[in-house]
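> curious how this folds, go ahead:
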Amino acid sequence: MLPFFTDPYPNELIYSAIARYHFYSGNIDYKDTLEEVFQSRSVIPSVEIGSHFHALVQQMGNHYSVEKLLAKHTIYPFYAPFLSKQRQQEIMQDVQGDGKGLYTRLGMVSGGICKKDGLYYCSQCAQADIDKYGEPYIHREHQLQGINLCAHHDLQLKKYPDDFTEQSRIKFIRFEAKRMDFSILEEVKSLDNTDIQVKLAKMAYRLLNIDINAISRKDIFKRYRLLLREKNLITTANRIRQNELFDTLQARFPIGFLEKYDSGLKQENEYNWLKVLTRNEERHVHPFRHLLFLYFLEKDVEKLLHVGDDAGSFGTGPWPCLNKAADHYKQLVIKNVTITRDFKSISPIGTFKCSCGFIYARKGPDKSNEDIYRIGRVKALGDTWKAKLKALANGEGLSIRAKAEILGVDSKTVKKYSSMDGQNKKAKSKKTSPLLLRYREQLLKGIKQYPNESRTQIRGRFQREYTYLYRHDKEWLFKQLPRIRTMGKPKAIVDWEARDLEYLSKVKELYKELIMLNKPVRITISIVGKRLGILSNLEKHLHRLPQTKQFLDEITETAQQFQIRRCCKIIDQMLQKQEPVSLWKVQRIGAVKSHHFRQIRPHIGSYIQMKQEVDDYERTTS
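Prediction:
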């Protein structure tokens with residue numbers, strides 16, 4: 001055990017603490033320091049994490065452990081949450097020994113991005129360290145790949161003059177105040193996209209301070225799916241809408257930002273980091289890219305830790321019966337849910353059917369435990385509910401409102417089903433009336449007497465009987481009448497190729513009109529079909545109209561594309577009137593919600609820049 005050791009400061013790399021030990025011990029040869037600290041002269045120092053921790057903690061004393069050093073004084077916690085449990089255990093073994101394969105297991109060799117070519121520091125952090133401890137030291141949060149700002153002071157990080165990549169492999173670099181730049185002239189406000197960089201830096205710092213055993217890649221994968229489900233990016237078949245995810249994530253970041261951080265995406269690449277991150281819980285993705293994904297999801301590290309696992313749009317069940325007329329009301333008796341997709345919003349719709357006949361549905365996904373007791377729409381009340389209504393009808397002293405409260409419906413529903421019950425009784429009594437029986441007998445005799453006549457001819461001969469039976473016993477009447485005779489006229493064969501050309505011409509003309517409207521409307525198949533009176537064919541037979549389909553695919557808009565077009569039209573109007581273009585004003589006139597406007601803001605900014613460049617060019621050439 002060492003007679004003394006320079007205990008690590010908060011968030012100091014163990015590498016930095018050993019560098020200070022070398023300085024204060026008076027050693028000249030770094031191999032002497034290696035032997036004293038690691039009991040070996042052949043150890044190669046590592047800045048980010050290190051190895052031979054088992055020997056190191058024995059020399060440092062009983063108040064240190066391998067896990068504590070790894071969690072508090074290395075950058076390992078930056079990677080830990082995104083590793084499998086098995087990989088976490090393997091790394092714990094690696095650092096205790098020679099550390100062979102450590103960086104390969106972390107993915108820092110093949111998956112490294114934005115690699116730093118030296119040691120970095122924040123001028124204000126360094127000054128605060130000198131004021132409190134009398135010397136600066138190497139902060140682990142400043143050495144993370146992809147992080148260029150200080151999480152505490154929002155300042156640009158600076159590179160220390162000594163480059164460890166150009167030094168001896170066994171040299172320990174110690175920060176010296178006389179070699180550091182303490183100026184803070186490079187304020188964050190002068191940098192591009194500082195708000196994003198600050199958030200990423202703060203998230204990275206929080207990652208360093210969570211329990212390294214708290215969560216693993218498998219847990220993260222499940223929580224991502226839940227967050228994507230909340231953003232309506234998972235289909236009812238439980239598949240991720242990769243195209244929409246790609247578009248919305250790209251829109252969340254300014255143009256060129258992802259490329260600047262070695263994280264550009266190509267949609268056609270089946271192995272781009274976004275698809276790997278959301279499809280395969282086994283493959284490694286760099287932690288910085290996880291931070292980019294969290295920023296897109298608008299979640300920080302703490303919220304991610306408290307997100308539950310994805311259990312589908314409506315949980316795993318069982319679900320409660322919400323029939324207030326049943327004895328098992330609110331009991332978890334429904335075993336299955338049928339999930340369909342809402343045509344307009346693409347949200348999942350869950351339909352729950354109980355054995356008592358009560359069927360209800362609601363739009364998902366569920367966002368809280370209380371949502372399972374929410375009804376969106378009642379599809380069927382069932383026999384149990386109707387029997388309860390009948391029993392209440394036979395009781396005394398209950399108003400319609402009181403019955404509605406007991407049955408869990410409104411007063412109109414009680415009136416409706418009560419009147420239906422009365423009509424059924426009335427119809428039943430009429431079916432057994434002497435007059436009805438006599439007219440039935442007379443009509444049957446007439447049909448036998450004129451076996452070759454059609455329905456129309458029978459109706460003409462027996463008008464009184466036919467009319468009465470049609471009003472009071474239609475089902476019986478239609479069963480007895482002769483079969484409907486067809487004229488045998490062949491159906492016309494549709495020339496779909498000609499119809500395709502006709503529709504294409506009409507759609508093109510309509511598109512020109514729609515795009516020129518002063519008040520823009522979203523161009524969809526529905527609005528095109530309705531305005532041209534061909535909606536039925538577009539919905540049912542679009543596959544028979546290839547040219548029309550291709551043109552519709554080109555011109556129809558998603559909600560986001562329509563929002564962008566609408567905002568660009570507003571910008572054009574402002575420029576024509578020579579008004580200053582304010583984004584808040586564009587958002588207000590365009591009636592775009594704030595969270596949607598944040599997604600389209602990069603596109604709007606690019607459009608404004610393009611218009612300004614065109615304007616500048618026209619002024620210089622005129």
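> can you list the domains in the protein?
Per the record, the chain has its domains at 14-190, 215-305, 319-380, 386-429, 432-480, 497-557, 560-621, by automatic domain parsing.
> how about the ones you listed in a markdown table, adding mean neighbour count and mean pLDDT?
Just so you know, the C-beta spots here come from the backbone N, C-alpha and C atoms, and that holds for glycine as well. Converted to a markdown table, the domains of the chain look like this (neighbours: other C-beta atoms under 10 Å; pLDDT from 0 to 100):
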| stretch | mean neighbour count | mean pLDDT |
| --- | --- | --- |
| domain 14-190 | 17 | 88 |
| domain 215-305 | 17 | 88 |
| domain 319-380 | 16 | 88 |
| domain 386-429 | 13 | 78 |
| domain 432-480 | 14 | 88 |
| domain 497-557 | 15 | 91 |
| domain 560-621 | 14 | 86 |
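> so which residues make contact with the helix or strand hosting Phe551?
Secondary structure assignment for Phe551, by DSSP states H and E: helix 546-555. Residues from elsewhere that reach helix 546-555 (C-beta atoms under 8 Å, 6 or more residues apart in numbering): 500-501, 503-504, 507-508, 511, 523, 525, 528, 538, 542-543.
> that helix: how far from the chain's middle?
Its chain's average C-alpha position is 29 Å from that of helix 546-555, according to C-alpha atoms, centre = their mean, to the nearest Å.
> return the alpha-carbon coordinates of it using CSV.
Only the C-alpha atoms of helix 546-555 are listed here, as CSV (Å, rounded to 0.1, in the frame of the first residue of the first chain):
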residue,chain,number,x,y,z
PRO,A,546,-51.0,3.8,-62.4
GLN,A,547,-50.3,7.2,-64.0
THR,A,548,-52.9,8.9,-61.8
LYS,A,549,-51.5,7.1,-58.7
GLN,A,550,-47.9,8.2,-59.6
PHE,A,551,-49.0,11.8,-59.9
LEU,A,552,-51.0,11.7,-56.7
ASP,A,553,-48.0,10.3,-54.9
GLU,A,554,-46.0,13.3,-56.1
ILE,A,555,-48.5,16.0,-55.1
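> which helix or strand lies directly C-terminal to it?
Next helix or strand after helix 546-555 toward the C-terminus (DSSP H and E): helix 559-576.
> what packs against that next one?
Counting contacts by 3 or more C-beta pairs under 8 Å, 6 or more residues apart in numbering; DSSP states H and E, helix 559-576 packs against helix 242-252, helix 583-590, helix 594-621.
> just to revisit the earlier point, so which of the contacts of helix 546-555 comes closest to Arg401?
Ile525 (45.1 Å; C-beta to C-beta).
> residues contacting the closest one?
535, 538-539, 542, 552, 556.
> same question, Trp496
Per C-beta under 8 Å, 6+ apart, neighbours of Trp496: 541, 544-545.
> again, only using 6 Å
Arg544 (C-beta atoms under 6 Å, 6 or more residues apart in numbering).
> what of the one 10 residues further on?
With contact taken as C-beta under 6 Å, 6+ apart, Lys506 is in contact with Leu532.
> quick one: the strands in this protein, in order.
Ranges of strands in the chain, per DSSP state E, are 120-121, 158-159, 319-320, 332-334, 337-341, 348-353, 359-363, 377-380.
> go ahead and confirm Leu538 touches Lys530.
No. Counting by C-beta atoms under 6 Å, Leu538 stays clear of Lys530, with 9.5 Å between them.
> in a markdown table, list the domains of the chain along with distance to Met203.
Converted to a markdown table, the domains of the chain look like this (distance: least, C-beta to C-beta, whole Å):
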| stretch | distance to Met203 |
| --- | --- |
| domain 14-190 | 8 |
| domain 215-305 | 5 |
| domain 319-380 | 23 |
| domain 386-429 | 46 |
| domain 432-480 | 69 |
| domain 497-557 | 34 |
| domain 560-621 | 18 |
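> do you know how far His22 is from Pro3?
Taking C-beta to C-beta, to the nearest Å as the measure, His22 falls 15 Å from Pro3.
> ok, Tyr261 next?
46 Å.
> ranges for the helices of the stretch 301-450 of the chain?
Here the stretch 301-450 of the chain has its helices, by DSSP state H, counting those that start in this stretch, at 301-305, 382-393, 400-407, 411-431, 434-449.
> now the ones you listed as TSV including distance to Ala591?
Putting the helices of the stretch 301-450 of the chain into TSV (distance: least, C-beta to C-beta, whole Å) gives the following:
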stretch	distance to Ala591
helix 301-305	29
helix 382-393	42
helix 400-407	38
helix 411-431	34
helix 434-449	61
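> between those, which one is closest to Phe82.
Phe82 lies closest to helix 301-305 among the helices of the stretch 301-450 of the chain, at 11.1 Å (C-beta to C-beta).
> so what touches the closest one?
Residues contacting helix 301-305 (C-beta under 6 Å, 6+ apart): 203, 206-207.
> what about 8 Å?
Contacts of helix 301-305 with the rest of the structure, by C-beta under 8 Å, 6+ apart, involve 203, 206-207, 210, 214-215, 220, 223, 294.
> can you lay out the residues you listed as a markdown table showing distance to Gln599?
Supplementary listing: these in a markdown table, determined by distance: C-beta to C-beta, whole Å:
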| residue | distance to Gln599 |
| --- | --- |
| Met203 | 20 |
| Arg206 | 25 |
| Leu207 | 25 |
| Ile210 | 29 |
| Ala214 | 31 |
| Ile215 | 28 |
| Ile220 | 24 |
| Arg223 | 22 |
| Leu294 | 16 |
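> tell me which of those fall in helices.
Assigned to helices by DSSP state H, the following of those qualify: 203, 206-207, 220, 223, 294.
> closest one of those residues to Asp410?
Closest to Asp410, out of all of these and judged by C-beta to C-beta, is Arg223, at 39.7 Å.
> name the nearest residue to the closest one, sequence neighbours excluded.
Val307 (4.4 Å; C-beta to C-beta, 6 or more residues apart in numbering).
> what's the local residue count around that neighbour?
17 (other C-beta atoms under 10 Å).
> can you check the one 5 residues further on too?
By other C-beta under 10 Å, the residues close to Gly312 number 20.
> dump the residue contacts of it.
The neighbours of Gly312, taking C-beta under 8 Å, 6+ apart as the test, are 229, 238, 339, 365.
> how much space is there between the first one and Leu514?
Read it as Arg229. In this view, Arg229 and Leu514 are 34 Å apart by C-beta to C-beta.
> one more: the last one?
According to C-beta to C-beta, Pro365 stands 34 Å off from Leu514.
> just Gln442 next, same as before
Distance of Gln442 to Leu514, given as C-beta to C-beta: 62 Å.
> if we ignore the residues flanking it in sequence, what's nearest the residue nearest the centre of the chain?
Centroid-nearest residue in the chain: Leu228, 2.4 Å away (criterion: C-alpha atoms, centre = their mean). Among residues not flanking Leu228 along the chain, Ile234 sits closest, at 5.4 Å (C-beta to C-beta, 6+ apart).
> I figured the one you found hits Leu245, correct?
No. Judged on C-beta atoms under 8 Å, Ile234 makes no contact with Leu245 at a distance of 9.4 Å.
> contacting residues around stretch 379-399?
323, 325-326, 351, 354, 356-361, 403, 406-407, 409, 414, 417-418, 421.
> what residues does the nearest residue to Lys324 once chain neighbours are set aside make contact with?
Among residues not flanking Lys324 along the chain, Gly408 sits closest, at 3.3 Å (C-beta to C-beta, 6+ apart). Shown in contact with Gly408 (C-beta under 8 Å, 6+ apart): 322-325.
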